[in-house]
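Q: the sequence and its predicted three-dimensional model are supplied below.
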Amino acid sequence: MRLITTTLAHAGAASKLSEALTSASWADMHLVVDTTPEQPEVKATHIDPPDGETWPGPIVTVDWPWRHDFAAARNELLDRATKYATADVCWAITLDTDERLLCPDPAALRAELAATDADVCMAFHVSGMYPKERLFRLPTTARWVGRTHECAIGWQRRHTLSSLRFDEEGKTAEQYRAKLVRDEELLRLDIENNPSDSRWWYYLGDTQDSLGKHKEAVVSFERCAACNGWDEEAAWACYRAAKILIGEAENWPDWEEKKRKLQRVIDLCTAGLARHACFPELTRFAALAAFWKGESHKATAWSHMTIALGDYKGCKAMAHRTSFRDVSTAWEMPFDVLKFSAGTPEERAHAALEQDRARYARWGGPPERLAIDRSSQARGEARGELGKFARPLGEMMPASVYPIEHVGRPDYANMNPSMCVHGGRIVCIVRTVNYHIDDGGNYVSLPEDEGVIKTDNWLCEVLGPGWAGLRHPSLDPDALMLNALSLVNARHIVDVSGRPTFATRVLGYEDMRPLSVGGKLYACATVRDSRLDMRCEMAVCEISLRGARVNAHWAAITAAHLQRSDVNEKNWAPLEVDGLLAFLYWSDPTIIRRWNPETKQCDLHVQSTPEFSLDHLRGGSQAVPIEGGHLYVTHEVVWLGGKRAYLHRFVRLDRELRVVGVSGAWYLQALQIEFCSGMCHLDATRLLLGFGVRDAQAVLVVVSTAEAVAACKSWKEWTT
């Protein structure tokens, strides 16, 4: 079997051609038609494979001047590919420079192709909403038609692939609008030549809708449905027209006019169902329109029809369609109306519960697992639901919370305490800031600072009752019973490092995380005053508690080493590796960087890829040694009612610094801005965590070490 990609290259596409061909690196050959031969920079022969890779087969480039006709260009590719169809079975694969093929198992694709007798194979977009003609058996009788939004005709048997999907690169707003303007012009030419072809009316409506010409789009969609064309296309055109009208419903101030237009929506939906009955999208829009008309009993009836047509508890009608679809309508969307229109409070509550169940059934599992499932296509949606499932830390394990007394200037807020064991004591750095967060999420600094955000840091020692001489409580059995925690011996941390700074709008060392290594106290921090553009940079700081320039009221940053980077850097997690200072840079991939005392830079030490998908996690605490490995706390952002909130997880590393366990998502007290900024061993059986709450309060939390470790489940435990 031979697989040949057939690709159009045009002006501006050279930079993407290599990426497109790389996504099909399992093909045997790449055939490229260059539609702009007068511009040598887009020549396919000038495209080099990625570093360390070689193309599996040759690249053949053909010059073909652009004729404003995509079908003609694709037919040229098919004709050219046929000349290279030397194997007994040969397939031409359609691929554009802005497309990426997703084929996790090329052997499975070849096996699926070997098992089909189809002339043409379709592949779905990663969203599952629509397929495209993707592979043609050579030689082929299929021909492309249409200047744009072209389609293939002339084939006899079609198969939809399960082993291949595709994605499309995004366009800038300017690029997308230019494409729409071009498409509208070409589609009008096709309609002028063939006004009875429903396809061109459909895509004209689609283009007009995207251009904001909504009234014209509704007319074009209705013209499409009126043609004696493909029944699926006609029904979907009715859906698109109804969707535009539904979207404009809030702008209809006159009630009688609004009712007439809502009835028009229902009429469009019933007309679409008359063309093709397997469209729950149409019954759902009819339900919505009926509900907005005040006809709850009709809305309930339409909703039950939608459920009956759907995949959750219905006949799976969408399975009988091959093209566009709104997958969520086959699962949870019918309940979005029913939870308001049903006749009794019990029925409405049940519908709301069923909506969640149907959504999770569509995803293929609970959000808690799918949010960290590397193979799940619903991972992004699942993360958006985590706020419903996250639990307070105190429900996961016993947790004692100790608000700590204010340190520093009385008009500065305390936040984000971070701690470590140093010299037999627990030392804690408390960040104090000159701002507060208002109800709109804005950072408001003190009036005299004129909008400049400032941070001061204070180094304290943690004191608990019975801790004789402030020694680390693991040395004092009386400390096993806590009823209070205090911060004592507060020292203002002054910067005597000589680090050059600028008078930017954000000043100071943010979120310092201390760690004691080899008897020396270090801390990492974010700074935004070393560059005029205020890019976030990490500084590795050396801290002294005594010395000629340090008195009883000061601690000092004696050196601050900026870490080279081309991107914004925040939230590194300090840890000790083989007796040396190191930092957990990222969770997925898991990257550990180790401090080089000679260069004063952090070099890559080890990197691995976890079984979990954790690329959305951000740093939080230090990584503390635990049972031969390490344990740390991360945070992730969720949005609830348009406001940002943080969730946390415990993450466990093994001896090789690989992620082997992850806890469920949790929060401290409420779904708000709560940030775990530090963690250390309190004693042999407990951990001490530091939290900032809404950038306005600093608290300490005590949990059981064993409980925190047990909360970190392996991937096998998550999936069984």
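A: Noted; the coordinates are in hand.
Q: mind listing the strands for the stretch 101-250 of the chain?
A: 120-125, 131-138, 143-145, 151-153, 158-168 (DSSP state E, counting those that start in this stretch).
Q: of those, which is nearest Asn442?
A: Evaluated over the strands of the stretch 101-250 of the chain, closeness to Asn442 peaks at strand 158-168, with 36.7 Å, by C-beta to C-beta. In short, each C-beta sits where N, CA and C put it, glycine included.
Q: contacting residues around the closest one?
A: Residues from elsewhere that reach strand 158-168, judged by C-beta atoms under 8 Å, 6 or more residues apart in numbering: 98-105, 108-109, 111-112, 116, 118-126, 131-132, 134-135, 322.
Q: circling back: now the strands of the stretch 101-250 of the chain in a markdown table, with mean neighbour count, distance to His635 and mean pLDDT?
A: Output for these, formatted as a markdown table (neighbours: other C-beta atoms under 10 Å; distance: least, C-beta to C-beta, whole Å; pLDDT from 0 to 100):
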| stretch | mean neighbour count | distance to His635 | mean pLDDT |
| --- | --- | --- | --- |
| strand 120-125 | 20 | 33 | 94 |
| strand 131-138 | 21 | 39 | 94 |
| strand 143-145 | 19 | 51 | 95 |
| strand 151-153 | 17 | 48 | 92 |
| strand 158-168 | 17 | 29 | 94 |
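Q: any chance of those in JSON lines, plus distance to Phe691?
A: Output for these, formatted as JSON lines (distance: least, C-beta to C-beta, whole Å):
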{"stretch": "strand 120-125", "distance to Phe691": "43"}
{"stretch": "strand 131-138", "distance to Phe691": "49"}
{"stretch": "strand 143-145", "distance to Phe691": "61"}
{"stretch": "strand 151-153", "distance to Phe691": "58"}
{"stretch": "strand 158-168", "distance to Phe691": "40"}
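Q: tell me where the stretch 401-550 of the chain has strands.
A: With DSSP E, counting those that start in this stretch as the criterion, the stretch 401-550 of the chain has strands spanning 413-422, 425-433, 435-437, 443-445, 453-463, 486-495, 506-507, 510-517, 520-527, 537-544.
Q: mean neighbour count and mean pLDDT for those - can I get that in a markdown table?
A: Formatted as a markdown table, the strands of the stretch 401-550 of the chain follow (neighbours: other C-beta atoms under 10 Å; pLDDT from 0 to 100):
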| stretch | mean neighbour count | mean pLDDT |
| --- | --- | --- |
| strand 413-422 | 25 | 95 |
| strand 425-433 | 25 | 95 |
| strand 435-437 | 16 | 89 |
| strand 443-445 | 14 | 90 |
| strand 453-463 | 21 | 93 |
| strand 486-495 | 18 | 89 |
| strand 506-507 | 18 | 96 |
| strand 510-517 | 23 | 96 |
| strand 520-527 | 23 | 97 |
| strand 537-544 | 21 | 96 |
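Q: can you say which of these is nearest to Asp311?
A: strand 435-437 (43.4 Å).
Q: could you find the closest non-adjacent residue to Val452?
A: Distances taken as C-beta to C-beta, 6 or more residues apart in numbering place Arg505 nearest to Val452, at 5.5 Å, with adjacent residues excluded.
Q: what distance do you get for the one you found to Asp438?
A: Going from Arg505 to Asp438 by C-beta to C-beta, to the nearest Å gives 17 Å.
Q: so if I had to pick from those two, which one is more boxed in?
A: Neighbours of Arg505 and Asp438, each counted by other C-beta atoms under 10 Å, are more numerous for Arg505; the result is 14 against 9.
Q: how much space between the nearest residue to Glu674 once chain neighbours are set aside and Val702?
A: In space, Glu674 comes closest to Leu668 once its chain neighbours are excluded; the distance is 4.7 Å by C-beta to C-beta, 6+ apart. As judged by C-beta to C-beta, Leu668 and Val702 stand 12 Å apart.
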